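1. Sequence below, structure please.
(one chain, ligands or ions: 1)
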Amino acid sequence: MSTGSAVSTGTGRDLAALPKAHLHLHFTGSMRPQTLWDLAAERRIRLPRSLTDDTALQVEPTHRGWFRFQRQYDAARAVVDSEGAMRRLIREAAEDDAAEGSGRLELQVDPTSYAPHVGGLTPAIEIVLDEARLTEDATGVSIGIIIAASRTRHPLDARTLARLAVRHAEREPGRVVGFGLSNDERRGDTRDFAPAFRIAREAGLLSVPHGGELLGPDHVREVVDSLAPDRLGHGVRAAQDPRLLEQIVERGIGLEVCPASNASLGVFREATDVPLRTLVDAGALIALSADDPLLFNSRLLDQYETARAIGMDDGELAHLAASSIRLSSAPEQVRARLLGGVEEWLRTPAPPAD
Ligand SMILES: [Zn+2]
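-> Purely as a prediction, here's the structure:
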């Protein structure tokens, strides 16, 4: 089994009480299973069986495997066809994050898929931003939005999205915080997306493309050289090349490491096989994240349980949480409050071992 829920919880301080930031979470992929089932029932949409049981997706790291993943993601996305559904997803993602100790959520949205249901790209983005604002007030979770383009679409579409991201970032400073690039790493030429990322970076947005998940060090190098990332979505395959990893550390590029996702997509056999220890020992800044909990059946907290399962003690887990907060673009007072909370967590006495 590769699900986070299969990981032993071990002993130590309560990880849900450890303040942390969640920096790699996709919009539809964040959906609660019950919400998917509710929305599908309302719409009389029949879901594939794989989305109605509670087991994690498990595929091979091949085109075929990615296709299976994408088909399930598309089936889930089909229910997100209204403003109400979009708002519900954001609210619930933040509520679930709050329950797991996340005080900062950076949610990744490619508005292209939702735009046809709500009258275009701009309304789709505006709904997301408006709900992020309301949800932040209601839950206390600080929320930033990352607008993401897809590798499967034309690079000109990415530029359009980058311009929209910039326009909204200028209108409400601090809400749209980054620009991403997602989907199958084997699709498209990374260099073709450089102009879109330049538009975003020049306006002060973070560059947060996926890279180094399905493909190895050469691809990571290409993403680093072409898109000047502040953080890499995944980036775990950099562990295979010590020199590359050293460069990533030197440049201060953060890694959004998602162990359960890597296991589900067959990049590593088990979540505990993800070379987290190698990355940490090299000095990499890491933000553990859930990616698509709906499909991988494993939420943010499970990723910290995985780190504990490979032998990380509470000091190291606190260090990981602090890294995630430092890598976020949370406002200064939020960052200071969360970092203070991490120190406080570590000062509380650990429960006695069984
Ligand atoms: Zn992702």
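
2. Identify the residue spatially nearest to residue 170, adjacent ones excluded.
-> Setting aside the residues directly before and after it, residue 170 is nearest to residue 203 in space (C-beta to C-beta, 6 or more residues apart in numbering), at 7.2 Å. No exception for glycine: its C-beta is placed from N, CA and C like everyone else's.

3. Now for the one you found: which residues touch it?
-> For residue 203, the contact set (C-beta atoms under 8 Å, 6 or more residues apart in numbering) comprises 165-166, 169-170.

4. Go through whichever strand or helix holds residue 130 and flag the buried ones.
-> According to DSSP states H and E, residue 130 maps onto helix 121-139. Residues 121, 124-132, 135-136, 139 are the ones in helix 121-139 that count as buried (16 or more other C-beta atoms under 10 Å).

5. Give me the helix or strand of the protein that scores worst on average pLDDT.
-> Within the chain, confidence by mean pLDDT, DSSP states H and E is lowest for helix 63-77 among all helices and strands, at a mean of 88.

6. what are the ranges of the helices in the stretch 201-350 of the chain?
-> With DSSP state H, counting those that start in this stretch, the ranges of helices along the stretch 201-350 of the chain come out as 217-227, 242-250, 259-264, 276-281, 293-296, 300-309, 314-327, 332-347.

7. For residue 58, which of those helices is the nearest?
-> Residue 58 lies closest to helix 259-264 among the helices of the stretch 201-350 of the chain, at 5.9 Å (C-beta to C-beta).

8. Quick one: mean pLDDT for the closest one?
-> Summarised as a single mean, pLDDT over helix 259-264 is 95.

9. mind checking how far that helix is from the chain centre?
-> What separates the centre of helix 259-264 from the centre of its chain is 12 Å, taken as C-alpha atoms, centre = their mean, to the nearest Å.

10. Outside of that helix itself, list whatever touches it.
-> With C-beta under 8 Å, 6+ apart as the contact definition, helix 259-264 has outside contacts at 2-4, 56-59, 69, 213, 234, 236, 268-274, 276, 288, 290-293, 295-298, 302-303, 306-307.

11. Just the buried positions in it, please.
-> Of the residues in helix 259-264, 259-264 count as buried by neighbour count, 16+ other C-beta under 10 Å.

12. Let me know the closest of these to residue 243.
-> Out of these, the member with the shortest distance to residue 243 (by C-beta to C-beta) is residue 262, at 22.1 Å.

13. Give the residue spans of this protein that score low on pLDDT.
-> Residues of the chain meeting the criterion pLDDT under 70: 1-10, 354.

14. hang on, the earlier thing: could I have the PyMOL command that selects the buried members from the contacts of helix 259-264?
-> To isolate the buried ones among these in PyMOL, judged by 16+ other C-beta under 10 Å, type:
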select buried, resi 2+3+4+56+57+58+59+69+213+234+236+268+270+271+272+274+276+288+290+291+292+293+295+296+297+298+302+303+306+307
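
15. From the contact counts, what lies against the least confident helix or strand of the chain?
-> helix 293-296 (3 or more C-beta pairs under 8 Å, 6 or more residues apart in numbering; DSSP states H and E).
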